[in-house]
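test case, fold it:
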Amino acid sequence: MYLIGNFITMGKKNITLDGICAPITEDIKIFRKEFDISVKSDIKLINLITKYIVTNRGKHIRPILTILCSRLCGEPSANSYRAAAMMELLHIATLIHDDVVDDATLRRGRSSVNKVWKNKASVLMGDFLLSKALSNMISLKDFDVLDRISKTAEKLSTGEILQIEKSFTKSMTEDIYYNMINQKTASLIATSCELGALTTTKSENDISATFNFGDNLGMAFQIKDDLFDLLGSENDTGKNSGGDVKKNMLTLPLIYSYDNLERSQNRRLKKIMKNKKKTNRDMKEIQDLVDSAGGFRYAQRKLDEYSEKAVDAISDYPDSPIKESLSDLVAFNISRVR
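Numbers count the residues shown, from 1 in each chain. A predicted model of the protein is given here:
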């Protein structure tokens, strides 16, 4: 029914994270040791929640990007692995806080932390992980890295608050949307890539290229998640289906549809979106209206554009297994099912 894929995925078969990580298998082991050390605590509840999170390890996209970009620019340093661990700490902290804000009950196909331990413990656990990431920054002893991570942490919060503000005021535009997702999603992915270069080389060309790669991949990543929110099932995505739409968060397919539907259909979409509790029938009608407006096709086109820009950002590097893994990661995002 809806197109998933573009020029990047054509001719590529069975792109998996295992295949992408094949050139950095040993690096991933070092990162995991660094990460496990960084989350240890004397508090039993913290260790219990940490074990729950780690048992269901995510895709580790951000630390993978840090290591791949480090390898793209040279040889990883000890700080490369520490930075990778900090990016994962920041990411998990934001996921825990997001689930509290969104009243989400599912994460990675199982009960979210706030579903199991309730909101108070979840907020404090997110704070703990954030504080560990920030305290571990000191061990890097690199002002440029500290500066990037600090600014990224600020952007993550700013982007989430902007989204909440616009859900209240209903004043989301496409330009505001791009600014919002750049802060709340793309900033962390871009910094993950940039830190790979920063902890390996001080070359401005490398730093700029890896940042641009991650920035565009991050934008594509969020647009893909927005498509999942309207089209994906809980079994496929491992998250609550339609979570953003049910809370009146305006994503790219909806923003485009509001601007392109006929007047009667526009009024109907707005009426359904005002429903505090949206039924399965409501969600199906929203899907149909967005599809008729071309909202899914438009979002897919923007996903393709950002993906192409990401690949172009590293086009000057010589061909290598590392460069291929980075390109494959862009294709993996396009074709992923969760």
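
use CA for all of it now, contacts and neighbours both
OK.

how about the strands in the stretch 1-150 of the chain?
Secondary structure of the stretch 1-150 of the chain (DSSP state E, counting those that start in this stretch): strands located at 106-107, 110-111.

tell me the spacing between the residue nearest to residue 46 when sequence neighbours are not counted and residue 95.
For residue 46, ignoring the flanking residues on the chain, the nearest one in space by C-alpha to C-alpha, 6 or more residues apart in numbering is residue 125 at 6.9 Å. Distance, residue 125 to residue 95, by C-alpha to C-alpha, to the nearest Å: 11 Å.

mind checking which of the two has more residues around it?
Neighbour count, other C-alpha atoms under 10 Å: between residue 125 and residue 95, residue 125 has more, with 23 against 16.

next up, the contacts around the more buried one.
46, 49, 93, 96 (C-alpha atoms under 8 Å, 6 or more residues apart in numbering).

so how far is residue 39 from the first one?
Shown here: residue 46 relative to residue 39, a distance of 9 Å by C-alpha to C-alpha.

with residue 61 instead?
In terms of C-alpha to C-alpha, residue 61 sits 19 Å off from residue 39.

one step back: now the strands of the stretch 1-150 of the chain in a markdown table, with mean neighbour count?
What follows is those, written out as a markdown table (neighbours: other C-alpha atoms under 10 Å):
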| stretch | mean neighbour count |
| --- | --- |
| strand 106-107 | 20 |
| strand 110-111 | 14 |
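
TSV for these, including mean pLDDT and distance to residue 178?
Formatted as TSV, the strands of the stretch 1-150 of the chain follow (pLDDT from 0 to 100; distance: least, C-alpha to C-alpha, whole Å):
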stretch	mean pLDDT	distance to residue 178
strand 106-107	79	25
strand 110-111	85	30
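
between those, which gets nearest to residue 145?
Across the strands of the stretch 1-150 of the chain, residue 145 has its closest neighbour in strand 106-107 (29.8 Å, C-alpha to C-alpha).

okay, and residue 171 sits in which element?
Under the criterion DSSP states H and E, no helix or strand holds residue 171.

what's the pLDDT at it?
At residue 171, the model reports a pLDDT of 77.

mind listing what the residue lying closest to residue 182 once chain neighbours are set aside touches?
Among residues not flanking residue 182 along the chain, residue 219 sits closest, at 6.2 Å (C-alpha to C-alpha, 6+ apart). By C-alpha under 8 Å, 6+ apart, residue 219 lies in contact with 178, 181-182, 185-186, 303, 306.

looking at the residues you listed, which are in helices?
Among the contacts of residue 219, the residues falling in helices (DSSP state H) are 178, 181, 303, 306.

which of the residues you listed lies closest to residue 337?
Taking C-alpha to C-alpha as the measure, residue 337 sits nearest to residue 303 out of those, at 14.8 Å.

isn't the closest one up against residue 224?
Yes: with contact defined as C-alpha atoms under 8 Å, residue 303 counts as touching residue 224 (6.9 Å).

overlap of the contact sets of those two?
What both residue 303 and residue 224 touch, as defined by C-alpha under 8 Å, 6+ apart, is the set residue 334.

what ranges do the helices span in the stretch 51-200 of the chain?
Along the stretch 51-200 of the chain, counting by DSSP state H, counting those that start in this stretch, helices occupy 61-73, 78-102, 113-137, 143-169, 174-181, 187-198.

what about the closest residue to residue 59 other than its chain neighbours, how many neighbours?
Leaving aside its sequence neighbours, residue 59 sits nearest to residue 17 (C-alpha to C-alpha, 6+ apart; 7.7 Å). Neighbour count for residue 17, taken as other C-alpha under 10 Å: 16.

ok, residue 17 - contacts?
59, 329, 332.
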